[in-house]
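1. prediction below, plus the sequence it came from.
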Amino acid sequence: MTSSQIPVWLALLYREEIALSNEIWTTFEEGKTLYALIWRKADDNIWDNTGGAFVTPYTDADIDRYDVVLANQADSDYYSVDFPAAITDDTTQAYRVQIMLQVGGSIDADADLGIAQGEIQWNGTEEVDIGSIFITNQTVNNVYNEPFQQPPVQVFNV
């Protein structure tokens, strides 16, 4: 099979520049301004979208540095934005995302309303499915010395 015979969907699947996108999304009334605030769960530091780093402490005065604006798809109630590519921690971490509704003419930490929230597991390049579990230790210690048969491997979504 030559490259010209590869199905289009397969060719797109293996293109290096193709990446997941629009990991942050919500539905809301069309024509509004929505933005996301991203918090690193491990230490509650907030993403400074202007400075490109997590910072602490959060301050209302710097709210316009933290916002990641969602795009409204024309004629729909769908809003989305890519998770910032600059967040490149190479270990999978959890990030809390708040989606805010801008109430007035500019971002205002005291007036704007939280309309949605969620959590993203991010490995530095893409969102990680929390149903995937990497098993690193396959030994089970029987501290009660009870007879047992080796159970099948079970995966629990937490």
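-> Perfect, I can see it now. What you see is a predicted model, and the numbers here were worked out from it, not measured in a lab. Numbering: from 1, shown residues only.
2. all the helices of the protein, residue numbers only.
-> 8-13, 63-66 (DSSP state H).
3. tell me, which of these is the model least confident about?
-> Among those, helix 8-13 carries the lowest mean pLDDT, a mean of 40.
4. can you tell me which helix or strand of the chain has the lowest average pLDDT?
-> Least confident element among the helices and strands of the chain, by mean pLDDT, DSSP states H and E: helix 8-13 (a mean of 40).
5. contacts only, for residue 107.
-> By CB atoms under 8 Å, 6 or more residues apart in numbering, the residues touching residue 107 are 35, 63, 64, 67. Backbone N, C-alpha and C define where each C-beta goes, glycine included.
6. now, which of these sits nearest residue 49?
-> residue 67 (6.3 Å; CB to CB).
7. was I right about that closest one contacting residue 47?
-> No. Counting by CB atoms under 8 Å, residue 67 stays clear of residue 47, with 9.7 Å between them.
8. residues in contact with the closest residue to residue 27 other than its chain neighbours?
-> What sits nearest to residue 27 in space, not counting adjacent residues and going by CB to CB, 6 or more residues apart in numbering, is residue 77, at 4.7 Å. Shown in contact with residue 77 (CB under 8 Å, 6+ apart): 27, 28, 29, 30.
9. coming back round to it: emit the PyMOL select command for whichever of the contacts of residue 107 are buried.
-> This is the PyMOL syntax for the buried subset of those, where burial follows 16 or more other CB atoms under 10 Å:
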select buried, resi 35+63+67
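10. just the strands in this protein please.
-> Remark: strands assigned in the chain by DSSP state E are 24-27, 34-40, 45-48, 53-55, 68-69, 71-72, 78-81, 93-101, 113-122.
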